[in-house]
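[1] Fold the following.
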Amino acid sequence: VDDNADSTDSTPTVSRLPSRNVISMDPRLNLLWPTPKQIVQLDGAYITLPRETTVVAFASNENEQPAVGPVVARLTSELQMLGISTVQLAPYELVSAHITLRLNCHVIPRPQMFRLSVEDRGVNIIASDVLGLHYGVTSFIQLARLCHAAPTSTSDESDTTSSKSASETSEDAVSSANPPLAIGIPPVKISDFPDLLVRGYMLDVSRNKVPRLQTLRELVDLLVLFKYNQLQLYFENTFAYRDHKQVWDGADPYHGQEILELSHYCHARGIELVPNQNSFGHFHKFLQHDRYRALAECPDGVDIGIRPSGARHAPFSLCPIDRGSIRLINSLYSELIPHFPHTRVLHAGLDETADVGMGRSKRACDESGVEAVYIDYLYQVRGVARAHQRTMLFWADMVQQMPDEALLDLPADVIACEWGYEDSHPYDARCARLAELGVAFMVCPGTSSWNSLTGRTANCIENIRQAVRAGITHGAVGMLLTDWGDFGHTQPRCLSFPAIVAAGGLSWNAQPQRAVQDESPAAPTEDWSNTWGQADLARLLDTYVFWDATNTMGDVVCELGNTYLHTGGGATGNNNGTALFHLLVFPSRESPRLASGLTVAGLRSAVKHIKRLVAQMDASEYEPPANLRADMDGLRIAADMAVLASHIGQAMLRCSATTISALPATQRTDLANRVIPILDRLVENWKIHNRSGGLEQTRQLLQHTIDTILGSSSAL
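    Sure, this is the predicted structure:
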C-alpha cells in the first residue's frame, strides 16, 4: 500500500482493495510475511477475540468437508498458544461464528488464493482450495501474534471486558471491547496469492547430519509460517532400505514408518513431503561396496575432482548402459515412494555425472554421444517414476551443457531444476532457454550456508532474488531453496534461517513491502524489491524465528553471515563457500583461495567484526525459547571457528606459506590447541538437534585439521 499517495486522489490504485474508510496502515502490518498482494486497513476499533472463540468451516461440497479439518485443527492449535480456546460449530449456513473459513473456487479465481477480512462482524477467510485456506489462516495467525500486546480499541470502552457466553458472543461475532487477553487486530481486508505455485525447501540429510524427527517437525512449522508448500529430504544413504543395510549401517537413517509419520505431519499443515533420492551420480555410498561396485561407470574408481562427501577416488556414477542400474533404482523407489503418500512427484537427481563416458559407457558415448546416453538413461528413470505414478524432477546442470537439439528430446512430463548458488548465476538466460525449448522447470537458489562457517548473507539474498525474478519472468513451475551439507555439514541450522525467511517471502511476492521504515526513506517506487533487504530480513527473523523483542539476533545472524565480505578474496575466494572455511577444513592444501585477495588486514577486520557481534549477543537481554538455545551455542561455535580460521590465514600470509605445514612448530601447536576445545563443543552441540550417525565422520574431518597442523597427517 502506498501511504504516500496524494490523499486528494480518490481513484483506487492496483495495490488497494476498494473499501470504505481506508486509513493509514498500522506499521505492524508491514511485518506480515510474505507481503500480501493487496491489503487495506479500515477505520474502526481494533478487534479482539474472546477466551472461547467459535469457528465454523464450510467446504464447497460434502466430499471436501474432511479436507478442511486439518486447517481448523491448525488454527485451533495456534490460538491455544495465545491462550484462546476454540469451539467448532457445525457448518450450517445460518450459523454465526467469530471465525468463518470457507472454500469457494467460484468466488476465488486463482489456485492458492485467499481473501481475509477482520472486522467487527467477524473474521472471514475464503479460499479457492485447501492450500489457500491454510495460507489465509497463516496470515490471520501472523496478525494475532503481531498484535497480541497492542492496544485493542480506540474507543472509550477499551478497558471493558466482555462477559458474554460463547453462544451470546457468537451472535455478536467478534467483540471490539477489550477482553482479558489484549489481542488487538486492526480491521483489515487482505487479498493474496503467490507468484510461484510451488515454494519448496530441500534439506541435505545425507552428508553426516541427520536431524532428529522433532527437529524436522520444527522445520516444518517454520516453513508453514512462510507459506512454503513443499519439503524435500535429500537421500544418498540415510533411508533404511530393507535389503541394503550395508549402505546405511551406522548412518542413523530414517526408517519407513518415521518418514510416513512425518509425511502425515506435513500434509496436515499444507506441506508436501517429497522424496529426493539420487539415481545416477553421487551414488558412491552404494558403489564403494563390493556388492554394488560392478554397477559403477568406473568400478575401480575415478578422480573427477574434489567431492562434497566421500573418498575422492571412489566410484561415483551408475553405469547408464547397465540394465542392472535401472533395476536397482526401481527396487529403491518401490520401497521409498509408498512412505510419501501425499505427493505425486519425486526428485531423481541425475546431476554432476562428470564420469559418464570415462568408463564402461565410453564406447556407447563415443558412438552415440554422451548427450544421447544421458537422455536415454533419463528416460529409463522417468519410466520408473511413471510406473509409480510420479512426476520426475531432475537437476538441470547436465542438460544445460547440451545443445538445443538434445533438450528438445527431453520428455514433456519432467521438470528440470535449474540450480546455481552465486549471486552472479545466469538465471535469466538459463531459464529463458528452458522456456524457449518447452522444458518445464523450477529455480533452485541456495541458503549459502554450507562451506561457509558463518554464512554468506549478501550472496544469499541476491541469489534468491535473481532466481525468483527469472522464474516469474519465464514461467517457472516453482522455487526450491536448497540447503546442502558439503564437507561434513558443519554449519548450525540457524545459518539457514535468513534464506528460509527470504525465499519464502520473495517466491510468494517478489515485490515485498519494507518491514523496517528508514528514518529518511527514499521516494517510493513500484518495485519494492529495489529497497527490501537485510535490515528488513533481520526484523522478520526477530519477529517470527527468534521471538526476540530486543531486535538483536536477526541483525547478529545476518551480519555474521557477512563476515566473508571483510576478509577479501573476492568471487574466487568465496565461491560456493568462504575462504575461511577452506582455511580451517583444508589447511594442508595449496588453496588458490589464499592467493585470491585475502590480506592480513582483511582477516583482522573479520575478527573484529565477529567479536563485535558476539559482544552484541552478550550484552542483549534476549532469552531464546528452549528449542533455540542450542542454536545460540551453535552460532557462538561457528563464530569461534571463523576467528580461528582467520588466525590460520594471518599466520600463513605473514610467513608467505602456501600450506599450514610451512609454519613454525610453535605457531602450529598454538593453533592446534585452539581447535581442540571448539571440536569438543561442536560434538556436544550436534547431538541436541541431530542423530549421532555421521557425527564421527565430521569429527574426523576436524581432527584431520588438528593432525595436519601438527604435521601428523596427509592431505585429504
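
[2] Next, work out how far apart the residue sitting nearest the centre point of the chain and residue 219 are.
    Most central in the chain under C-alpha atoms, centre = their mean is residue 500, positioned 3.8 Å from the mean C-alpha point. Distance, residue 500 to residue 219, by C-beta to C-beta, to the nearest Å: 9 Å. Bear in mind the C-beta positions are built from the backbone N, C-alpha and C, glycine included.

[3] circling back to that earlier point, hang on, the residue nearest to the centre of the chain packs against residue 201?
    Yes: with contacts counted by C-beta atoms under 8 Å, residue 500 reaches residue 201, the gap being 6.5 Å.

[4] Give me the common contacts of the two.
    223, 481 (C-beta atoms under 8 Å, 6 or more residues apart in numbering).

[5] what packs against the helix or strand harbouring residue 336?
    Per DSSP states H and E, residue 336 falls inside helix 323-336. Judged by 3 or more C-beta pairs under 8 Å, 6 or more residues apart in numbering; DSSP states H and E, helix 323-336 is in contact with strand 272-277, helix 370-387.

[6] Which positions within it qualify as buried?
    Within helix 323-336, the residues that count as buried by 16 or more other C-beta atoms under 10 Å are 325-326, 328-330, 332-333, 335-336.

[7] do stretch 58-68 as well
    58-60, 68.

[8] pLDDT on that stretch, on average?
    Taken as a whole, stretch 58-68 has a mean pLDDT of 86.

[9] ditto for stretch 325-338
    Mean predicted confidence for stretch 325-338 is 98.

[10] chain center to it: distance?
    Relative to the mean C-alpha coordinate of its chain, stretch 325-338 is positioned 27 Å out (C-alpha atoms, centre = their mean, to the nearest Å).

[11] what's it in contact with?
    235, 239, 241-244, 256, 275, 277, 279, 286, 292, 295, 318-319, 346, 377, 380-381, 384-385, 387-388, 390.

[12] Please pick the buried ones from the residues you listed.
    Applying 16+ other C-beta under 10 Å to the contacts of stretch 325-338 flags 235, 239, 241, 244, 275, 277, 279, 286, 292, 295, 318-319, 346, 377, 380-381, 384-385, 390 as buried.

[13] ok, back up a step: out of the helices and strands packed on helix 323-336, flag the one nearest residue 428.
    If you check each of the helices and strands packed on helix 323-336 against residue 428 by C-beta to C-beta, helix 370-387 wins as the nearest, at 24.1 Å.

[14] Identify all contacting residues around the closest one.
    279-280, 320-321, 325-326, 329-330, 333, 346, 348, 350, 353, 356-357, 361, 364-365, 391-392, 394, 398-399, 402-403, 406, 409-411, 413-414.

[15] and the two most separated of the buried residues of stretch 58-68?
    Across the buried residues of stretch 58-68 (C-beta to C-beta), the longest gap, 9.8 Å, separates 60 and 68.

[16] hey, what's in contact with both of these two?
    Common neighbours of residue 60 and residue 68, using C-beta under 8 Å, 6+ apart, are residue 103.

[17] quick one, what contacts residue 113?
    By C-beta under 8 Å, 6+ apart, the contact set of residue 113 is 127-128, 132, 191-193.

[18] Neighbours of the closest residue to it other than its chain neighbours, how many?
    Nearest residue to residue 113 in three dimensions, chain neighbours excluded: residue 193, at 3.8 Å (C-beta to C-beta, 6 or more residues apart in numbering). Per other C-beta atoms under 10 Å, the neighbour tally for residue 193 reads 22.
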